[in-house]
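1. fold the stuff below for me.
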Amino acid sequence: MESLRRYAYAAAQNAATSSDPARFASLSRKLTVLGDTEIRKAAETSAQVACKPGCSYCCHRIVSATIPEILVIVGAIQAKGPDEVAKVVAALEAYVKNMEPRYTYHAMATPTPCPFLANDLCSIYEVRPFGCRMLNSTSAEVCKGWLGGPDADTSAVTSASVPDLAEPPGVIQYSIIGGFAAEGRPSGLYAVPDSVLALLKQPASEIDWSGPSTPLDRFKTYSEASRPTIALDGFAQKLFENPAYRRFTSLRIENVQAAKRELRSLGYHPANFLAALYLPETYDSVDHLEESWSRLGDELAELEEANLPPKESFDCVALFSAFFMAYSGKDVRPYMERLMRVIGDQYAAKAYPGLVAPMPDQRKPGRFRLGYASYQLKNFNGSRWALGWLRNHGPEIETFAFNLNQQEDEATQAWRRFADHFYPLAMPVAQAAEIIRQFDLDALILPDIGMDGVNLQMGALRLARRQFTAWGHPVTSGSKMIEGYLSSELMEPADGDEHYSERLYRLPGSGLCYPAIPKWSPPRSTAEELGLPSDGFLFCPQMHSKLIPSRDLLYKEIAERLGKPIIFVGPEAMRRRLAAVSPLLITRPRFEPTEYFRAVQLADTILDPPDWNGGNSTLEALSHKYAVVTMPGRFMRGRHSLAFHNLAGVSGLIAADEADYVALACDLERQEAAMEHIHPETLFDDLSTVRALDDILLEGHIQT
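-> Model (predicted):
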C-alpha cells in the first residue's frame, strides 16, 4: 500500500497545482482505475465477498467524497442530458430537505437510503466514490442485521469487512485529501448529495478553485485541519490564515518567543494570547520540556491580566486546544484551573451570563434526563468508549446525545442509534448551549473536556443541573461548572482526589463498559514487507506525545540489553531525539490500521509508556492475548493498564518500578508465565460500572 499511497499523493498534489476542475476530475478517473485494479488483485486471494447487485444495506448512511470524485459524479449525470439532470436535481432536493435536520438540531430517527439508490441498485455505480468502493462484507446477513434494528451490533459490520479490499480506496481518498491540502486547494470530504446538487445548479467553471475554500465548504464532513463552526471577526479570520499562526498552532516552531512576537505584531487580539499557550506535541529533551512548562505559566499569567473582550475571546477558544498540556508527566490541575477561570469567569460569564446561570430549581416532569455532548462524537478514542455507558443505562434514564461537529461516521451513527434522542449541533457553542439548556437536563456528561476548544467552551457553561467529565481526556477539566470526574477504582492512586478540581467518583473495575473487540483480520505480511526487523523487535505503539524524554534511557537499556530494536511511531522530531539516544530506538512515521495490527502480532513484546498508558490499544492487545509490559505512573492516565491487567488476570506484566520494567521487558519467560491464565473476557461488557454510574446520577433525584 505504501507505493500506492505515494503515487496517489504525488498525482493529487500535481493535479492540485492547477485550479482547473477538469484536471481534478481527470485525477479521480485515473485513480479510480488504479484503485479498482488493486481491489481486483486483492479479491483473488481474499475471503469470499458477499456483496452483489441488489444488496444495498450499506447504502443507508451519509456518503462523503473528495472534490475530484464529486466532479466526476456531476459530469456523469450531466452527460445523460438535461432531462436526467432535472430528474436528479428534484430527487436530491427532496433528499436534502429530508436531511436538513442534520444541519440544525433535530434528530434523524432512522438511517436514510442514499438518493442515488434506485430499486436497491446504485445509479452512479461506475463513478461511485472511493468511500463506497471500500465497503465490502463477507456476510450480507451481518449487514442486514446492522441496518435492521436498535439492538444491532455496529461492530459486526467492521468485523465482516475484507481489509484487503477496503484499503486501496481508503489510501487513495486520503492521499487526495493530503495532496490537495498541501497545495492549498479544497481538501477533505464533502457530503455527496448536497455537493452534487450545488454543482448541478452552479457549474464548476463558475467557482474559484484556487484557494482552500469554496461554496461547498458548508457541506464538508471531514477535514484534516477542520475548524469548529464559529463566527469570527475579520481580524481573527486573517490571523488564522496567517503562516505565523499556522506555524504556532501546528507546533512547527523553532523559536517560541520569536513566533510570539510575530503574532503580536499582527495586532492585539484574543487569538494571539491563546496561541501562545500551545505546547509542543513532542519534546527535544528534558530541558525543552521544563522550559515549555515554565513558559506556559508565564503565558497564563499574561492571559489572566490581559483584560480581553469577553465575547471575541470566548469565540476564539473554539479554535484552541489544551490537548498537549497533559502530555508532560506533570500535574495539570493548577494550570487547567487557571485556564478555565479565565474562560469561565472572564469570558463566558460576561459574554453569555444566561449560559452560566443555575438551572431552574423546578424540573420538567418525566424520566431522569441525561445528556452526552462532545465535538468528537465519532470514531475517536476520546468518546467512543462512552457508548457502552449510553447503551446500558437503566430504564429510568432518558438519554440525549449532542454532536457538536458536522462530521459523522459509523461511530456517530452508533450514538444516533443508541441514544433515545440524537441532535447534531454543528453551530457556534453559544447557540448550541442555548438549545441544550432547553432540554432541562438533570445531568450532562462531557466525556473529553480538553481535547479541543469546543469542549473547553462547553465545560465552562452551565447546561444541566449536574455536570460530569470522564477519562476521554484523563485529566481534570479545571472548571467549577463540572461537579464530578467519572474514573476507575483500579486506575486511581491513593491520592487521586488531589488531582481533580471535581469530586472524584471511582467506578467499579476499569470504570468502563467496553464492548467486546472484533477479531483482527490483518494481512499476513512478513516483517520485511512492513519494513520491520525480521529477527525480532519490541513495539511501543502509543501516540508519540506520551513518550516524554525522561524515559528515553529506559528504552535504551531494554533495547541494548536484548540487542533488539524498539519500534515507535512518531514525527521526525521524535525520530531525531530517540536516534541520538540509541540506534536501536527506531521511529516510524505511521502505520495503516491493518499494518499496525500486524506489527502487534509480529512484535516480541508490546511496551506501555509509564506516564500515559495505552487505553483502547491495550484492550485490543489483551483481547487478542498479546503481552503488554506496563508500569503504573503517578496519575490515572499512567494507570490504565494497571486496571486492565488486573481484570484480565495478567498482573505479572505489571512492573514494580523502572528497574523491574526493564527486567520484565527483557524476560520473555516471565511474560509467558504471566499470560498463562489470561481471561480477557472480563475486560468487556461490565454492566456493574453502568449500574454504579446510574446510582451516582440518580442520587437524591426525585422522580416527577
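
2. for the longest helix anywhere in the chain, name the packing helices and strands.
-> For the chain, the helix that runs over the most residues, judged by DSSP state H, is helix 21-43. Counting contacts by 3 or more C-beta pairs under 8 Å, 6 or more residues apart in numbering; DSSP states H and E, helix 21-43 is packed against helix 2-16, helix 67-78, helix 130-133, helix 163-182. Using the backbone N, CA and C atoms, a C-beta is placed for each residue, glycine as well.

3. flag every buried residue along that helix.
-> 21, 23-28, 31-32, 35, 38-39, 42 (16 or more other C-beta atoms under 10 Å).

4. list the contacts for residue 20?
-> residue 209 (C-beta atoms under 8 Å, 6 or more residues apart in numbering).

5. likewise for residue 525?
-> Counting by C-beta under 8 Å, 6+ apart, residue 525 has contacts 595, 598.

6. make residue 1 into 2 and carry on from there
-> Right, with 2 as the first residue, what we last looked at is residue 526.

7. next, it: secondary structure please.
-> coil (DSSP: H, G, I helix; E, B strand; the rest coil).

8. again with residue 423
-> strand.

9. so it makes contact with residue 402?
-> Yes. Using C-beta atoms under 8 Å, residue 423 is in contact with residue 402, at 4.9 Å.

10. more neighbours: which of these two?
-> Shown here are residue 423 and residue 402; by other C-beta atoms under 10 Å, residue 402 has more neighbours (27 against 23).

11. now find how far off-centre the host helix or strand of that one is within its chain.
-> Per DSSP states H and E: residue 402 is located in strand 398-404. Mean-position distance between strand 398-404 and its chain equals 20 Å (C-alpha atoms, centre = their mean, to the nearest Å).

12. residues of stretch 277-285 that come out buried?
-> In stretch 277-285, counting by 16+ other C-beta under 10 Å, buried: 277, 278, 279, 280, 281, 282, 283, 284, 285.

13. look up how far residue 321 lies from residue 295.
-> 20 Å (C-beta to C-beta, to the nearest Å).

14. surely residue 390 is in contact with residue 512?
-> No. At 9.5 Å, residue 390 does not count as touching residue 512 under the criterion of C-beta under 8 Å.

15. pull the number of nearby residues for residue 2.
-> 16.

16. so who does it touch?
-> By C-beta under 8 Å, 6+ apart, the neighbours of residue 2 are 168, 169, 172, 593, 596.

17. now do the same for the last one: helix, strand or coil?
-> Spelled out, it's residue 596. Classified using three-state DSSP, residue 596 is helix.

18. quick check: closest non-adjacent residue to residue 78.
-> residue 89 (5.3 Å; C-beta to C-beta, 6 or more residues apart in numbering).

19. give me the low-pLDDT residue ranges for this protein?
-> 48, 100-112, 146-162, 219, 222-269, 409-411, 414, 522-524, 703-705 (pLDDT under 70).

20. how does it divide up, domain by domain?
-> 3-223, 235-352, 364-516+688-699, 539-684 (automatic domain parsing).

21. let me have these in TSV, extended by distance to residue 530.
-> Output for the domains of the chain, formatted as TSV (distance: least, C-beta to C-beta, whole Å):
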stretch	distance to residue 530
domain 3-223	10
domain 235-352	28
domain 364-516+688-699	27
domain 539-684	9
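
22. which of those sits most buried?
-> domain 364-516+688-699 (a mean of 21; mean count of other C-beta atoms under 10 Å).

23. roughly how far out does it sit from the chain middle?
-> On C-alpha atoms, centre = their mean, the centre of domain 364-516+688-699 falls 16 Å from the chain's centre.

24. and the helices in the stretch 402-551 of the chain?
-> 411-419, 430-438, 454-460 (DSSP state H, counting those that start in this stretch).

25. next, format those helices as CSV and append distance to residue 476.
-> CSV is the format used below for these (distance: least, C-beta to C-beta, whole Å):
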stretch, distance to residue 476
helix 411-419, 23
helix 430-438, 21
helix 454-460, 12
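
26. check contacts around residue 30.
-> By C-beta under 8 Å, 6+ apart, the neighbours of residue 30 are residue 73.

27. please tell me how far it sits from residue 421.
-> 45 Å.

28. what does residue 474 give?
-> Residue 474 is 26 Å from residue 421, by C-beta to C-beta.

29. on that earlier part again, between residue 423 and residue 402, what contacts are shared?
-> 416, 417.
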